[in-house]
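Chemist: Sequence below, structure please.
(chains A, B, C, D, E, F, G and H)
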There are 8 protein chains.
Amino acid sequence: MTLSVYLSGEIHTDWRDEITTACTEAGLDVAFSGPVTDHAASDDCGVSIMGAEPNKFWHDHKGAKLNAIRTRRGIEQADIVVVRFGEKYKQWNAAFDAGTAAALGTSLIVMHGPEHQHALKEVDAAALAVVETPQQVVQILQYVLDGTLPT
Amino acid sequence: MTLSVYLSGEIHTDWRDEITTACTEAGLDVAFSGPVTDHAASDDCGVSIMGAEPNKFWHDHKGAKLNAIRTRRGIEQADIVVVRFGEKYKQWNAAFDAGTAAALGTSLIVMHGPEHQHALKEVDAAALAVVETPQQVVQILQYVLDGTLPT
Amino acid sequence: MTLSVYLSGEIHTDWRDEITTACTEAGLDVAFSGPVTDHAASDDCGVSIMGAEPNKFWHDHKGAKLNAIRTRRGIEQADIVVVRFGEKYKQWNAAFDAGTAAALGTSLIVMHGPEHQHALKEVDAAALAVVETPQQVVQILQYVLDGTLPT
Amino acid sequence: MTLSVYLSGEIHTDWRDEITTACTEAGLDVAFSGPVTDHAASDDCGVSIMGAEPNKFWHDHKGAKLNAIRTRRGIEQADIVVVRFGEKYKQWNAAFDAGTAAALGTSLIVMHGPEHQHALKEVDAAALAVVETPQQVVQILQYVLDGTLPT
Amino acid sequence: MTLSVYLSGEIHTDWRDEITTACTEAGLDVAFSGPVTDHAASDDCGVSIMGAEPNKFWHDHKGAKLNAIRTRRGIEQADIVVVRFGEKYKQWNAAFDAGTAAALGTSLIVMHGPEHQHALKEVDAAALAVVETPQQVVQILQYVLDGTLPT
Amino acid sequence: MTLSVYLSGEIHTDWRDEITTACTEAGLDVAFSGPVTDHAASDDCGVSIMGAEPNKFWHDHKGAKLNAIRTRRGIEQADIVVVRFGEKYKQWNAAFDAGTAAALGTSLIVMHGPEHQHALKEVDAAALAVVETPQQVVQILQYVLDGTLPT
Amino acid sequence: MTLSVYLSGEIHTDWRDEITTACTEAGLDVAFSGPVTDHAASDDCGVSIMGAEPNKFWHDHKGAKLNAIRTRRGIEQADIVVVRFGEKYKQWNAAFDAGTAAALGTSLIVMHGPEHQHALKEVDAAALAVVETPQQVVQILQYVLDGTLPT
Amino acid sequence: MTLSVYLSGEIHTDWRDEITTACTEAGLDVAFSGPVTDHAASDDCGVSIMGAEPNKFWHDHKGAKLNAIRTRRGIEQADIVVVRFGEKYKQWNAAFDAGTAAALGTSLIVMHGPEHQHALKEVDAAALAVVETPQQVVQILQYVLDGTLPT
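Modeler: Numbers count the residues shown, from 1 in each chain, chains lettered A, B, ... in the order given. So this is what the prediction gives:
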């Protein structure tokens, strides 16, 4: 049975591509989903379709709700939610997604560098795995699917 | 029927006291809960009870899980979860709590200053109210309980 | 055990008072809840607490979400949801509340005059009782609580 | 993964066709469902299969329950429920469907003209998008599926 | 904490009184609920409050739905559902209540004489106890509450 | 999308064949499931696989639980549960299945002759359709799937 | 709000008394529940009330199901489930209770000596705290309730 | 529809192969899943991917959580969970899986020798079948799928 994996969080590096490419190369039966990673589209989708807003709050509100249609569906259909926290920005939406996954009882993998360890302790405590690199995520998916460990 | 309100997030100002005091003065039937706000106790509770850990990750892990016993119960029993984002720190646990509340279908009120508006747009989009001050939270609780608006 | 009853819908006649008064006189152990019935407060609560909005859509949006905090809690805690459709207005929020109650598996009583029979057929089909008067609601509550029928 | 979309509400214009045709033309992977839109069949299905009823209430009751078999299944299996309110009629079943979708935590898109803005404020407040035209629904579905915005 | 027990099924003997009286005498902290046991009231409640029906099907339909308001609430709030099958009648509502309790994951005790053993095998298979007498129910409640067995 | 239908109840006439054959002839996309209808196998399956029991109660208990594996799965995966009550026998398992379906919120169709109308009023009250013949079930499935009524 | 704690597992030492006594002395607002700890009563309750069984399997079966009425209720109503594994015996019911609590999303505290560490790793991995002594459980309950750590 | 079966518990004999081979030979439409049965990989998977731990507790903790990603998914997607208790070891994870399956309402088959009968009485009491051999599991799966009993 295909493993459904939602890739949440940081959108400024190519970590999603690293994971999906490596899984394809390894022949793993995984279906990936995730948020829209085009930053401009993600910010402006609401007003682009439903009309401009002079107030930035409502501009963002329209967009965030539209993105939620995609995000919710992805998280609800996932067997595993991977959340990556990058080095910069507040990334509160990543932590929000992690809280959603935890509350739904979905398996959570958190990825971040050691500099965020203390600040992410509550999120890490809800995870079934805490890793630093995309390669580790691929190794986990491989192990979950066929029991093979990296050599 | 008593209204149950969980006060999540920032622990460095006295916003919780402002809210609880004002509600008491107004005679509102509200039962408040929240995390342990003694920062040192919250950080060290795990090792204090269950033994020291040389690795900071596990030191934090033990504490974060212990705190989760209290946090989960408070959020699950709440009619309303109020999450405040302060001016400093990453506050990913606050966003995590907001995601939990949203996934449980619990009414969410988010409190933050205008400087965080864009970064919190996904969290705000899941809220039923977005405010800046404790006074506004009190006004909302009063309105929810008896329909009275500020004069 | 106290019976929890949420009284949803039309707010321009005193049907709620008729029901609560008659239940009190009959000594029935019922706890009533319902929306804020002060029309002006209900319309303006959002902007009154969270600041004015030049656009009527967001003015209403802020208010409707604030009212949802009270409405959701009332419906979720109710054993029975009574929804009254009056003679005038669109009353889509009443039908929305009925849909919510039905989806939650909560017992639904619908009250309306014969002129709305055909238009409300889907709502009536989800109800356990369809009545025309507040007296009938009181009779139902009495019967549910102690098995007594009107003489 | 195919996106499941339920199209609820108004049955007197060809808005469903506009949406499904445009999605097909755009090659979007969407599976649509909806109520029976043959008004006469929808009204008379109950008595047609299960026998005539002299009383209009039961005539409608039999039909509404039969339609509920289809409606419930469609809404429960949908990722997105789109509810359109037309210019005429009470359309309480549309608002009822919206309440059902909201209670199930299903993403809700509401479509209506500006003349209904105030009357639909509670329904709009539960939606992730509020639009006026079928084209906007298509644009949303396209964005949700592949992140592309209209040019 | 008070033990909530719903007493479903046969209404022609005084088995409910035997159980409640014995529990009171034993000082057990049990709150009992059950259907309306006045057969005539139970049959006619619908038409008595909501108007006569010439067709017996709808006469019964109105009554059965009204009774469902009480029955559902009792079963949903119960820790234990006791269902008694008497010697006569079809008693399909008793088996229906047992199916409801089983689907809700509520502890089920079934009471019946040996003559019904084979016919009730599916119902018994879903039960945590199968007994023949009210005294056995009382003994079970006593054991569940304080661990005391009959001497 | 294929419609899943579970056919519960009476196993002594060929009503299941009538329905499945007619649906096949009509080209309806329905997947049927149901209990094991070989009466002897159904009664003896438990002891046949897991060893003889001298006590009839445990003989039946083993079998009933084994059958429950199939029954539960069928009912839980069904969009519609059809329950037929025949002219003879207690058929408490049929009413039990109906209670299960109702508690799960699954659409319920009840089939029985007029002689059982009063005794089945609580079960009928939980149904979305009450019919007398397999042909009516087929007509309902056709209508639910494509909106076509019998001519 | 009173904290509900279920004390599962080993019944041959007085660890439950140690915890409840210490909590009473500390004035903590905790309501404890647990299985019947009278070993003989627990083993024989089924046959004692519902009649002897010559086959040990059914003797035990009747008793285990009766005990399940109490156990299920206690675990389902608990905020925290504490499971203690003693030095001897298989204690599979303790691990079964832990699995139940974890599946329900209830906070789990596991207590055992270091000799069982490896064998209990899956159970420990589902827990929010792993301790060795009753005193540690009391310290945790105190911290969860009022934020006080041992001095 | 394919039957999903999760094979939990003992990993030192080839009972899983016996079941899957026999089902394939019988042409049964069953999809099997289960834990990683390579004992060394299962013990070391956590540290192998996420880094060594000097403390055995955390070594095991990392591994147990990683295995939980696979185990949870398998159990949650299963129609039937088969749990085998072998002759040796504590096997608390097997009982934990059984508790999880029971709490989720998933059909449970327990397999063990007579020497464990008394110690497993609570687990057996939650099962729909208790067997001793893989052949019996195959016979059950065959009966559940097509109603055929062993000859």
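Chemist: mind checking how far stretch A:130-147 is from the chain centre?
Modeler: 15 Å (C-alpha atoms, centre = their mean, to the nearest Å).
Chemist: would residue A:22 count as being in a helix?
Modeler: Yes: counting by DSSP: H, G, I helix; E, B strand; the rest coil, residue A:22 falls inside a helix.
Chemist: what sits against it?
Modeler: A:134, A:135, A:138 (C-beta atoms under 8 Å, 6 or more residues apart in numbering or on different chains). In short, each C-beta sits where N, CA and C put it, glycine included.
Chemist: And residue A:86, by the same measure?
Modeler: A:9, A:10, A:12, A:13, A:112.
Chemist: Distance check, the residue in chain A that chain C sits nearest to against residue B:67.
Modeler: Among all residues of chain A, residue A:58 sits closest to chain C, at 5.9 Å; criterion: C-beta to the nearest C-beta. According to C-beta to C-beta, to the nearest Å, residue A:58 and residue B:67 sit 36 Å apart.
Chemist: Between these two, which has more neighbouring residues?
Modeler: Remark: of residue A:58 and residue B:67, residue B:67 carries more neighbours, 25 against 18, as counted by other C-beta atoms under 10 Å in any protein chain shown.
Chemist: now the more buried one: how far from residue A:99?
Modeler: For residue B:67, the distance to residue A:99 - C-beta to C-beta - is 14 Å.
Chemist: In chain A, mark out all the strands, start to finish.
Modeler: Taking DSSP state E as the test, the strands found in chain A are A:3-9, A:30-33, A:80-84, A:107-111, A:129-131.
Chemist: What is the neighbour count of the residue lying closest to residue A:68 once chain neighbours are set aside?
Modeler: Distances taken as C-beta to C-beta, 6 or more residues apart in numbering or on different chains put residue D:128 closest to residue A:68, at 5.6 Å, once the chain neighbours are dropped. Counted with other C-beta under 10 Å, the neighbours of residue D:128 add up to 23.
Chemist: In contact with residue D:128, which residues?
Modeler: So residue D:128 contacts A:65, A:66, A:68, A:69, D:107, D:108, D:109 (C-beta under 8 Å, 6+ apart).
Chemist: so the first one touches residue B:124, yeah?
Modeler: This means residue A:65. No: counting by C-beta atoms under 8 Å, residue A:65 stays clear of residue B:124, with 9.9 Å between them.
Chemist: Now do the phi/psi pair for the residue lying farthest from the centre of chain A.
Modeler: Within chain A, the residue lying farthest from the chain centre (C-alpha atoms, centre = their mean) is residue A:54, at 30.6 Å. Backbone torsions for residue A:54, taken as degrees, to the nearest 10, come to phi -70, psi -30.
Chemist: do you know how far it is from chain E?
Modeler: Per C-beta to the nearest C-beta, to the nearest Å, residue A:54 is found 49 Å from chain E.
Chemist: same question, residue A:72
Modeler: Taken as C-beta to the nearest C-beta, the span from residue A:72 to chain E is 27 Å.
Chemist: What ranges does chain A have for its helices?
Modeler: Taking DSSP state H, the helices of chain A run over residues A:15-25, A:39-50, A:56-77, A:92-104, A:121-125, A:134-146.
Chemist: quick one: is the second one near chain D?
Modeler: Think helix A:39-50. Yes: using C-beta under 8 Å from any C-beta of the partner chain, helix A:39-50 reaches chain D at A:41, A:42, A:44, A:45, A:46, A:48, A:49, A:50.
Chemist: which other residues reach that helix?
Modeler: Residues contacting helix A:39-50 (C-beta under 8 Å, 6+ apart): A:11-12, A:35-36, A:53, A:59-67, D:129-131, D:136, D:139-140, D:143, D:147-150.
Chemist: was I right about residue A:127 contacting residue A:106?
Modeler: No: taking contacts as C-beta under 8 Å, residue A:127 lies outside contact range of residue A:106: 10.9 Å.
Chemist: which residue does chain A bring closest to chain B?
Modeler: residue A:99 (2.5 Å).
Chemist: now, which of the contacts of residue A:86 sits nearest chain G?
Modeler: residue A:112 (20.9 Å).
Chemist: Got the confidence number for the closest one?
Modeler: Listed pLDDT for residue A:112 reads 98.
Chemist: Excluding covalently adjacent residues, which one is nearest to it?
Modeler: Of all residues not flanking residue A:112 in the chain, residue A:85 sits nearest, at 4.1 Å (C-beta to C-beta, 6+ apart).
Chemist: Count residues in the vicinity of the one you found, would you?
Modeler: Using other C-beta under 10 Å: residue A:85 sits among 24 other residues.
Chemist: cool, residue A:27 as well?
Modeler: Residue A:27 has 10 nearby residues by other C-beta under 10 Å.
Chemist: Can I get stretch A:13-29 in CSV, CA atoms only?
Modeler: C-alpha atoms of stretch A:13-29 as CSV (Å, rounded to 0.1, in the frame of the first residue of the first chain):
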residue,chain,number,x,y,z
THR,A,13,15.7,25.2,0.0
ASP,A,14,15.2,22.2,-2.2
TRP,A,15,14.8,19.6,0.6
ARG,A,16,11.5,18.4,-0.8
ASP,A,17,13.2,17.6,-4.1
GLU,A,18,16.0,15.8,-2.4
ILE,A,19,13.6,13.5,-0.6
THR,A,20,11.3,12.8,-3.5
THR,A,21,14.2,12.2,-5.9
ALA,A,22,15.9,9.8,-3.6
CYS,A,23,12.7,7.9,-2.9
THR,A,24,12.1,7.6,-6.6
GLU,A,25,15.6,6.4,-7.2
ALA,A,26,15.2,3.8,-4.4
GLY,A,27,11.9,2.7,-5.9
LEU,A,28,9.9,3.4,-2.8
ASP,A,29,6.1,3.4,-3.0
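Chemist: Give me every residue in chain A lying close to chain C.
Modeler: A:55, A:58.
Chemist: What residue in chain A comes nearest to chain E?
Modeler: Closest point on chain A to chain E, by C-beta to the nearest C-beta, is residue A:105, at 17.0 Å.
Chemist: Burial check on the residue nearest to that residue when sequence neighbours are not counted, number of neighbours?
Modeler: Spatial nearest neighbour of residue A:105, excluding adjacent residues (C-beta to C-beta, 6+ apart): residue G:105 at 6.6 Å. Counted with other C-beta under 10 Å, the neighbours of residue G:105 add up to 13.
Chemist: And the pLDDT at residue G:105?
Modeler: Confidence score, pLDDT, at residue G:105: 97.
Chemist: same check, this time on residue A:116
Modeler: Predicted confidence (pLDDT) for residue A:116: 97.
Chemist: quick one, what contacts it?
Modeler: A:85, B:90.
Chemist: one more time with 10 Å, if that's ok
Modeler: By C-beta atoms under 10 Å, 6 or more residues apart in numbering or on different chains, residue A:116 lies in contact with A:85, A:86, A:87, A:91, A:110, A:123, A:124, B:90, B:92.
Chemist: Brilliant, that's me finished.
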